[in-house]
Structures are given as C-alpha cells and as structure tokens.
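Trainee: Here is a sequence together with a model predicted from it:
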Amino acid sequence: MKELFLFVRPPRPLWPFSGPSSAFWPPLAFASMAAALRERLPDLRVAILDAPALQMGWRTLEAELHRLRPAYIGMGEEAVSCVEAFRLARLARGLRPDFAGADPVGRTRVIAGGCFFGHAAAQTLGTGLVDVIVHGEGERTLCELVPALRDGTASSLAGVHGISYLEDGKVVSTPAAPLISDLDTLPFPAYDLLPMERYGRGSRNHPDLASIELGRGCVGSCDFCILWRQMGRFVGGQPVAHYRAKSPERLLEEIRILSTRHGRRYLGWVDPCYNAHPAIPGQLSELLLRENLCPGQSAWVRADALVRDSASGALGSCVMAGLNEVYIGIERPDDAGLAGLGKTSHTGDARTALDLLHREHPHVLTVGSFIYGLPGDTPATIQALHHLICELGLDQFFFIPWTPMPGTNGWRDEFWDDRGEYFRKHNFLPGTDLWPHQRALERALLKSLAFHWPLSRIRATLELLWSPHDRRRRVTGRLFARGIRFQASSFIRGISESRDPAGMVFPAWYES
C-alpha cells in the first residue's frame, strides 16, 4: 500500500459573527498543496480531512486517524486555533503508518506550516509535537520534503529549502525557498478531495461557497498583518512585500471548474487585497460577463484601489460580474495613526470609495474594520473611530483589538505558550484582555455603540432598513443581530469580571 499524506483541519470553534452554514470555507491551501503532491509524487496517496466541514468531533477524528494511519500529517492553523493543532499533533504521536516499504522513523511525521507556525518555528519545534515546519508556499517545498523524509538522512533534509527542523536538539532553518513566479503553472486545486457540497450548504447569503485566490502576497506591508509576510520575498533575511497574480484566463478556468463540476455559486476571494492588481480583476470580470458566468463574490479590497478602478471602469465590471460584498481595512480615523500602522491607504480614500459605492453600486454590501488598543489610545480614540464609522455610512463594521502576531513587530517571545491556550485571545474580538487598558477602551466602545446616535447614523440605519436590495438588507440584519448578541455577552462578562477569552462558539459536535 502507498504512503498516505493526510492534510487535516481539526475540529475548531466558530467565529461568533459567522453562521454555521458558511463558518468554514474550503481550505484552499490544502487543496493546492494536495494537487501538487498528487502531480509530482504519483507513488503517494494524498487526502484531506476537513473535520469542521464534516461536523466531525475529536472522538471521531481520533478513530479516523487510527483507521487511516497516515505516514504524514499536514496541518496549518491560525493562531486562535493552534490549541487544536497541538491536540492533533499529540494524537499523531501515537500513530504508526500503514504502508509497504521502509520507514526510517516508524511513526507518523507531523508537518506544520502557514501564517502561524511558519513564524513561530523554534517555539513550535520545541514542543516536540512537530517534526518539520514549512515556511511560505508549500507546493514545491512539500514535493521536495517527502522524498527527503523517506531518505531519512540529515543531508537530504538539509537540501530542502524553506523548512525548519530539529537536529541534535538545535533548530535548523534552511534558506528560503524561491517564490513561484508564475502562478499559472500550479495545478488546479484538488477540490475533489474536499466535501465541496457541504460548504455554504443551506446558506442564503453565501450559498454553495468556494474559496479562491486571484494572487499571492500584497502591495502593502501593514505592520500588524502577517499575510504579506507569508507570501513575500526575502531580502537580506527579511520579508519584503511582493505581489503575484494569476492570469484572467487561468482564473476563468478555475471558476468554470468550481461552477460546472462542483456546483459552486458563491466565491470568497481569500486574497489579502483582491484589487491589488490594476487590471486583472476587471479583465477576469469581462470574461465572466462574456460567458454569463457571474457567481456572487466577496473580497477584501483597498479603498484607494476602489477609487482607481471606478475611474477605469474595472469596478463596474467586477460588480456586474457578481462582486456584492467588500471588506475594507480602514483601521484608524487619522492619517498619522494609519502611518503608524504602516498603512498606505488614507482616510480620505475610504471616504471617496464608500461614497462612490453608495452612489454607483448601492446593492454592494460594505464592511469596514477598525483597530484599537495602540499605545496612547484613550476612550476619546474610540469615540473618534465610531464617529468616523457613522460618517462613512458602512453597512457593518468590526472593532479589532490590536493583536501582536508571531512575525509582526509587536510580537515578543515571552508571549509564547506551549499549550496554545494564550492564543485563544488571538481571535480579533473584544474581551480578550491582551493589554492592561483594554477594559477602559471597551467600556467606551459599548457606551458609544449604545448611546452615540448622530443624524448620520440614524439616516444610514433607516436607509438600510428600507433598502430595496434584499441581500444587502438581509446580510446587514443578520450581522447586526449577531453583533448585539456578542456585545450583550461581552457586557455581562465585564460585569461579572469573567474575562474568558471568549466570543468563540464551540459547536455541539466539537467533542463528538
């Protein structure tokens, strides 16, 4: 029997603003790496086990792992879910692979990667639960790593670029792997290894959901963001923002596959900045319109690029082709605060972008994110943020506490927790007590949300309630209801002095 490489997304809690039908997007990175392994290593079996999509709890997952007995387990969780990743790795330590052939180790090897583990390699390896960390893109690296692990020699492992591992108790990090310059050369993601019919099933707002990438990397280098570092290039040992995009023709074919073979009707673009490229989103949209293939779409976008694309006509094409939900990282009410975060899109850009969206594309749902908790922030800062939100007329908004992630400038090694419990606070939700003055700011936030009702906010609320666009009204209503529920829960926890790093919702099947 061939060796099995099993990518696993273990059971994990839900973000409280997500509905159960669309809480978990297809793990696109797993599908892309699985396709590469399947193409390059035909003597290897490859599978993906997406426990949340299957509503598979820990007891069932453990039984399934013992049944499958993979030679390799690949995992890559966000910081908030690294608790689950470590739990998965502990389960893997008791597995013995089921395959014919020589095995230098005699047990399942655990390989971790992604935005969290790739920037906390030494600490993760120090737990003794993970064998190899993959940095950056994994498609090429994994195809070199598996033969090296089969060989079992130190020289083979040392020859694989873009990994970290332990040798004689010391962390060895090999040189960074070169980026994949032409993304069109990647095989199409192995969607067939995922339970595609389960994503977005029963959802009215994001029906038959699929995740898809237009490109990798970013044109910005925001200080708080880990995504551009994950797909950036290295210069002098430091990550530098670097952007690559797929061709419109390649993207069209991916969407055809998702639509015709897998019945997908809604696309969630996973790019940190969907409209980073000035031409490709518009060119793709023209191709979609020509084929009358216009699935609903959501994306994170830059405000200044929205203004640019409106002038060129690209934004209009994107909206006509299905873009109906945009997320904008507005973050702060002043340009000085934005500069301190490394943002290169300004408050004026957000005003202009939202004004043109409201006027020219009123059915498009607009959501903004705002960061609080920087050094020097006071309740007055919170009030200024909320005042700006009211002026902008956003359909929905999120307040995100400033969160020091591994790899960012705010991270300190003393934050590390071998159990992963500390990272439950990395959920980007209020109520986590990441820093001493958070409670005062959140009291000001709750007060402002409850009692600050200027004319602009009243007018925007009434416009939404009476909006002729059913989807925009429905999505906003659901997000508003979930926000009220979360705020009430936060208020109760604050009164009771309970600071459970909460907010995350553990489904009934989590331990099943």
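Mentor: Yep, it's here. The model shown is predicted, which means the values in this text are computed figures rather than measured ones.
Trainee: any low-confidence regions in the stretch 401-512 of the chain?
Mentor: Scanning the stretch 401-512 of the chain for pLDDT under 70 picks out 479-502.
Trainee: My guess is Asp349 contacts Ala303. True?
Mentor: Yes - counting by CB atoms under 8 Å, Asp349 does reach Ala303; the two are 4.0 Å apart. Using the backbone N, CA and C atoms, a C-beta is placed for each residue, glycine as well.
Trainee: between these two, which one's more packed in?
Mentor: Neighbour count, other CB atoms under 10 Å: between Asp349 and Ala303, Ala303 has more, with 25 against 21.
Trainee: got the contact list for that one?
Mentor: Ala303 sits next to 328, 330, 345, 349-350, 352-354 when contact means CB atoms under 8 Å, 6 or more residues apart in numbering.
Trainee: closest to Leu179 among those residues?
Mentor: Nearest to Leu179, judged by CB to CB, of the contacts of Ala303 is Ser345 at 24.4 Å.
Trainee: Just the closest of the contacts of Ala303 to Ala450, please.
Mentor: The closest of the contacts of Ala303, once distances to Ala450 are taken by CB to CB, is Ile330, at 21.7 Å.
Trainee: So the closest one: helix, strand or coil?
Mentor: Assigned by DSSP: H, G, I helix; E, B strand; the rest coil, the conformation of Ile330 is strand.
Trainee: For the residue most central in space within the chain, give its distance to Leu209.
Mentor: Central residue of the chain (CA atoms, centre = their mean): Val270, 6.8 Å from the mean position. For Val270, the distance to Leu209 equals 12 Å [CB to CB, to the nearest Å].
Trainee: Next, show the common contact partners of the two.
Mentor: Jointly contacting Val270 and Leu209 under the rule CB under 8 Å, 6+ apart are Trp25.
Trainee: and the least confident of the contacts of Ala303?
Mentor: Lowest pLDDT of those: Ser345, 89.
Trainee: can I assume that residue is in contact with Val307?
Mentor: No - Ser345 is beyond contact range of Val307, at 9.6 Å (criterion: CB under 8 Å).
Trainee: Look at those two and report which has more neighbours.
Mentor: Ranked by neighbour count (other CB under 10 Å), Ser345 and Val307 place Ser345 first, with 23 against 19.
Trainee: tell me the secondary structure for the more buried one?
Mentor: For Ser345, the assignment made with three-state DSSP gives coil.
Trainee: Please name the residues that touch it.
Mentor: Going by CB under 8 Å, 6+ apart, Ser345 touches 220, 302-305, 329, 338.
Trainee: In strands only, show me those.
Mentor: Residues of those located in strands (DSSP state E): Gly329.
Trainee: Would you check that His242 makes contact with Met231?
Mentor: Yes - applying CB under 8 Å, one finds His242 in contact with Met231, separated by 7.4 Å.
Trainee: okay, and the common contacts of those two?
Mentor: Common neighbours of His242 and Met231 (CB under 8 Å, 6+ apart) are 179, 217.
Trainee: which one of those two has more residues nearby?
Mentor: Each of His242 and Met231 has its neighbours counted (other CB under 10 Å); Met231 has more, 23 against 18.
Trainee: Which pLDDT value does the model give the more buried one?
Mentor: Met231 carries a pLDDT value of 91.
Trainee: and what of the one 10 residues further on?
Mentor: In this model, Ala241 is scored at 92, pLDDT.
Trainee: Please, which helix or strand holds Ala210?
Mentor: Assessed by DSSP states H and E, Ala210 sits inside strand 209-212.
Trainee: who's in contact with that strand?
Mentor: In contact with strand 209-212 (CB under 8 Å, 6+ apart) are residues 22, 25-28, 191, 196, 199-200, 203, 251, 254-255, 258, 262, 264, 266-270.
Trainee: Just the CA trace of it, in PDB.
Mentor: Taking C-alpha atoms only, strand 209-212 is exported to PDB below (Å, rounded to 0.1, in the frame of the first residue of the first chain):
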ATOM      1  CA  LEU A 209     -19.500  28.600  -1.100                       C
ATOM      2  CA  ALA A 210     -16.000  28.200  -2.600                       C
ATOM      3  CA  SER A 211     -12.700  29.900  -1.700                       C
ATOM      4  CA  ILE A 212     -10.400  31.100  -4.500                       C
END
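Trainee: moving C-terminal of that strand, what's the next helix or strand?
Mentor: Downstream of strand 209-212 (by DSSP H and E), the next one is strand 215-217.
Trainee: That following strand pairs with which strands?
Mentor: Within its sheet, strand 215-217 is paired with strand 243-245 (antiparallel), according to DSSP bridges.
Trainee: which helices and strands sit right next to the following helix or strand past the partner strand?
Mentor: Counting by DSSP H and E, the element after strand 243-245 in chain order, helix or strand, is helix 248-256. Secondary-structure packing of helix 248-256 (3 or more CB pairs under 8 Å, 6 or more residues apart in numbering; DSSP states H and E): strand 209-212, helix 280-290.
Trainee: Contacts for the next helix or strand after helix 248-256, please.
Mentor: Next along the chain after helix 248-256, taking DSSP H and E as the criterion, comes strand 266-269. The contact list for strand 266-269 (CB under 8 Å, 6+ apart) reads 25, 200, 203, 206-214, 255, 258, 295-300, 322.
Trainee: 6 Å instead, please
Mentor: Contacts with strand 266-269, where a contact means CB atoms under 6 Å, 6 or more residues apart in numbering, come from 25, 200, 206-207, 209-212, 214, 295-299.
Trainee: among those residues, which two are most distant?
Mentor: Pro207 and Leu214, at 21.2 Å, using CB to CB across these.
Trainee: Tell me the secondary structure of Ile180, please.
Mentor: Secondary structure, three-state DSSP: Ile180 is coil.
Trainee: any idea how far Thr127 is from it?
Mentor: Separation of Ile180 from Thr127 (CB to CB): 30 Å.
Trainee: Looking at these two, which is more packed in?
Mentor: The neighbour comparison of Ile180 against Thr127 (other CB under 10 Å) goes to Ile180, with 17 against 14.
Trainee: Now for this protein, the helix or strand with the poorest mean pLDDT.
Mentor: Least confident element among the helices and strands of the chain, by mean pLDDT, DSSP states H and E: helix 470-495 (a mean of 66).
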